[in-house]
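*Asks:* My questions concern the predicted model and sequence given below.
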Amino acid sequence: GMKTSRDHPVILLGASSRPHVIDSALLRPGRLEYHIFVPPPNAESRFQYLRARMRRARDGEEGTETQRDLTRFGFGEIQSDEQVSSEDFLRELAGAMDGFSFADLQLFCQEAALSAIREGMGKGEDVPGLRVCQDHVRRAFLHARPSLRGVEITHPLKLWQTQAAAGGR
């Protein structure tokens, strides 16, 4: 790798959820020495993430960091109702979200919370008392799009190597 004037190594670290769109000049031999593939979350990982984000605050534990729910918008917490935070519902939801990265899942949770806020504000309700229900989750799911699709998940390194070979000619 490169050396600085003091002979210290320079480390370049980059990340992409879409390696096939990386400029081929960066992928030529001698540019980036190591390519590490980190697969997208599987159904169990997605379930664990959704469970952590959508769990209900338990009585007397609202102030603990581990019990904070869905998202904080600076004006209070939005929590999920019992149906949304149930393990069966979250497992079914996680199973239907193949190709979603953790960033996609976070955006999905925020969209569900925003759906609850829009509905609550239309009824004149206070935001801290709102609950995300299954209808809010379904609305968010209609707008949710995974950032990874088909071949990007099953053959990411093949796409990356193909691009690097094409750029090296």
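*Replies:* Received, thanks.
*Asks:* got the contact list for the closest residue to residue 49 other than its chain neighbours?
*Replies:* Leaving aside its sequence neighbours, residue 49 sits nearest to residue 105 (CB to CB, 6 or more residues apart in numbering; 5.3 Å). Where you see a C-beta, it was placed from the backbone N, CA and C, and this is true even at glycine. Contacts for residue 105 (CB atoms under 8 Å, 6 or more residues apart in numbering) come out as 41, 46, 49-50, 53, 97.
*Asks:* In a markdown table: those residues, plus secondary structure, pLDDT and neighbour count.
*Replies:* Putting these into a markdown table (DSSP: H, G, I helix; E, B strand; the rest coil; pLDDT from 0 to 100; neighbours: other CB atoms under 10 Å) gives the following:
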| residue | secondary structure | pLDDT | neighbour count |
| --- | --- | --- | --- |
| 41 | coil | 91 | 20 |
| 46 | helix | 95 | 25 |
| 49 | helix | 92 | 19 |
| 50 | helix | 91 | 24 |
| 53 | helix | 84 | 21 |
| 97 | coil | 94 | 22 |
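*Asks:* can you pull out the strands in this protein?
*Replies:* 71-72, 77-80, 131-132 (DSSP state E).
*Asks:* quick check, nearest of the contacts of residue 105 to residue 34?
*Replies:* Nearest to residue 34 out of the contacts of residue 105 is residue 41 (CB to CB; 22.3 Å).
*Asks:* So that closest one sits against residue 100, correct?
*Replies:* Yes. Using CB atoms under 8 Å, residue 41 is in contact with residue 100, at 7.3 Å.
*Asks:* Isn't residue 84 up against residue 51?
*Replies:* No. Taking CB under 8 Å as the definition, residue 84 is not a contact partner of residue 51, at 10.7 Å.
*Asks:* Identify the contacts common to the two.
*Replies:* In contact with both residue 84 and residue 51: residue 90, using CB under 8 Å, 6+ apart.
*Asks:* low-scoring pLDDT stretches of this protein, where are they?
*Replies:* 1-6, 17, 55-78, 149-169 (pLDDT under 70).
*Asks:* repeat that for 80
*Replies:* Applying pLDDT under 80 to the chain picks out residues 1-12, 15-21, 27, 30-39, 54-79, 126-129, 148-169.
*Asks:* longest helix of it?
*Replies:* helix 102-122 (DSSP state H).
*Asks:* tell me which residues in it are buried?
*Replies:* The neighbour-count check on helix 102-122 (16 or more other CB atoms under 10 Å) flags 104-105, 107-117, 119-120 as buried.
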